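Colleague: when you get a sec, could you give me coordinates for this:
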Amino acid sequence: MDGILITILIVTGFLIYKMISSSRKQEGYKRWKATDGRKEEKITKVKWEHGAWLRHAWEAIIPRAQYDQKYDESAVVWCANLLEMEAGQLKEILQNVSAHYREFWMRKRKGGYRMISAPNEKLQSIQTIINFRILLPVTMIHPAAVGFRSGHSVVDNANPHLGKRYVLKMDIHDFFFSIRSLRVKKVFEKIGYPENVSKVLGALCCLHRHLPQGAPTSPSLSNIVSYEMDRKLAALAAEYGLTYTRYADDLTFSGDVFPKEQIIPRIKQIIRDEKFEPNHKKTRFINEYGKKIITGVSISSGVKLTIPKARKREIRKNVYFILTKGLAEHQRRIGSSDPVYLKRLIGELYYWRSIEPDNNYVSDSIAALKRLEKGC
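Modeller: Numbering: from 1, shown residues only. The predicted structure is shown next:
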């Protein structure tokens, strides 16, 4: 009995040591500043969210060789021809796909961090071909899914809910990580590719056996995988006379009569049945008097889409001070050294105009700042 206890203590201590070592290594990661996606910043404390610390510790404990897979030679050659590359190059990538990613933490707009897994140039080129030639033509995407689709935007996600009395906003926990490599492989099989080819294509689109957030193939794959969930949720919404849309991991339901006690448990059950998990902290029911903002677009007026008032005030303030005090003085006062600050502000105005195309103030401000930009 004493021997078993000692063994357990030794193994536990070893696991804790590996977790701590892995965490310390992650402290060297660089993260992007929220204000400038092209810049990175060092952060002394890693924000281990959504089980990321466990994933990295587990990967540190288990030798990478255990993740190696064998691929059918003819499937590798066929995929290499599809991807317009040498079979030897593809084999090299398949031997260690994770070596072709750079992982870093990106700060979220509303606080916290998310891990981004960015493929290197070679793998990104491969995934882009897979996305354009195989995934984008797929029609197995539900009409309620408006995120990651050409010709669709947050406007298409908010507009169906305009004028509705009640709104329910829900979120899927760890959306991309929830989609495992087996489901990705099954997507390619459903499209029509044989099992051995689907295995290769799936491996090229996954990292650590799940969809990476940062790969060009992940958005399309997530929409295809979510088709059945969207179909069930749309049917449930129709049963209660509600409207349903999904933008990535954001689910929105709205209606003039909303029996939330009945419908919320059924929504959660459907999400779980489809191998996802609701993010309980982000479930929010908004009554007729509440502030209704859906994926950054306000529908509170009930008449037209707008951007939130706080965002309007911030943009107006920055535009006013630039036009009255000058760009350099304004940046000095707010402590900004961003070399493309003016371009970002113009981009904010263009976004505002996409939501409110008839807003004369926005159009005039864009014109004024563009003139200033030419003079700089």
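Colleague: show me how the chain divides into domains.
Modeller: Under the assignment the TED database, the domains of the chain span 58-298, 309-375.
Colleague: deepest-packed of those domains, please.
Modeller: domain 58-298 (a mean of 17; mean count of other CB atoms under 10 Å). Quick note: C-beta positions are derived from backbone N, CA and C, even for glycine.
Colleague: so how far is that domain from its chain's centroid?
Modeller: Averaged C-alpha coordinates place domain 58-298 at 8 Å from its chain's average position (CA atoms, centre = their mean, to the nearest Å).
Colleague: give the rounded mean pLDDT of that domain.
Modeller: Across domain 58-298, pLDDT averages out at 92.
Colleague: can you pull out the strands in the stretch 151-300 of the chain?
Modeller: Ranges of strands in the stretch 151-300 of the chain, per DSSP state E, counting those that start in this stretch, are 166-171, 243-247, 250-255, 284-286, 293-294, 297-298.
Colleague: ugh, typo on my part, it should be the stretch 1-150 of the chain
Modeller: Assigned by DSSP E, counting those that start in this stretch, the stretch 1-150 of the chain shows strands spanning 30-33, 36-42, 101-107, 113-119.
Colleague: how about the nearest residue to the residue nearest the centre of the chain, chain neighbours excluded?
Modeller: Per CA atoms, centre = their mean, the C-alpha nearest to the average position across the chain is that of Q213, at 6.0 Å. Leaving aside its chain neighbours, Q213 sits nearest to F176 (4.6 Å; criterion: CB to CB, 6 or more residues apart in numbering).
Colleague: what separation do you get for that neighbour and V97?
Modeller: Noted for F176: a distance of 16 Å to V97, by CB to CB, to the nearest Å.
Colleague: K291 too?
Modeller: From K291 to V97 the distance is 44 Å (CB to CB).
Colleague: likewise M85?
Modeller: Distance from M85 to V97, by CB to CB: 15 Å.
Colleague: report the secondary structure state of V303.
Modeller: Put simply, V303 is coil when judged by DSSP: H, G, I helix; E, B strand; the rest coil.
Colleague: ok, it - contacts?
Modeller: L162, G163 (CB atoms under 8 Å, 6 or more residues apart in numbering).
Colleague: check what pLDDT it gets.
Modeller: V303 is given a pLDDT of 92.
Colleague: with the one 4 residues further on instead?
Modeller: The confidence metric pLDDT takes the value 95 at I307.
Colleague: distance of the closest residue to R344 other than its chain neighbours from I322?
Modeller: Leaving aside its chain neighbours, R344 sits nearest to D338 (7.0 Å; criterion: CB to CB, 6+ apart). D338 sits 13 Å away from I322, going by CB to CB.
Colleague: can you give me phi and psi for S226?
Modeller: phi -80, psi 0 (degrees, to the nearest 10).
Colleague: please tell me how far it sits from A235.
Modeller: From S226 to A235 the distance is 14 Å (CB to CB).
Colleague: ditto for I134
Modeller: Noted for I134: a distance of 28 Å to A235, by CB to CB.
Colleague: try T295
Modeller: With distances taken as CB to CB, T295 is found 23 Å from A235.
Colleague: same thing with L204?
Modeller: From L204 to A235 the distance is 34 Å (CB to CB).
Colleague: ok, for R231, nearest residue in space, not its chain neighbours?
Modeller: Nearest to R231 is H142, by CB to CB, 6+ apart, at 5.7 Å.
Colleague: ok, now which ones touch that neighbour?
Modeller: Applying CB under 8 Å, 6+ apart, the residues near H142 are S226, Y227, D230, R231, A234, R246.
Colleague: now do the same contact list for the third one.
Modeller: Read it as D230. In this structure, D230 makes contact with H142, A144, A145, Y244, R246, judged by CB under 8 Å, 6+ apart.
Colleague: name the nearest of these relative to K190.
Modeller: Nearest to K190 among the contacts of D230 is H142, at 14.7 Å by CB to CB.
Colleague: pLDDT at S22, what is it?
Modeller: 45.
Colleague: likewise the one 3 residues further on?
Modeller: For K25, the pLDDT comes out at 39.
Colleague: and G375, by the same measure?
Modeller: pLDDT, read off for G375, is 72.
Colleague: ends of stretch 352-371, how far apart?
Modeller: End-to-end distance for stretch 352-371: 19 Å, by CA to CA, to the nearest Å.
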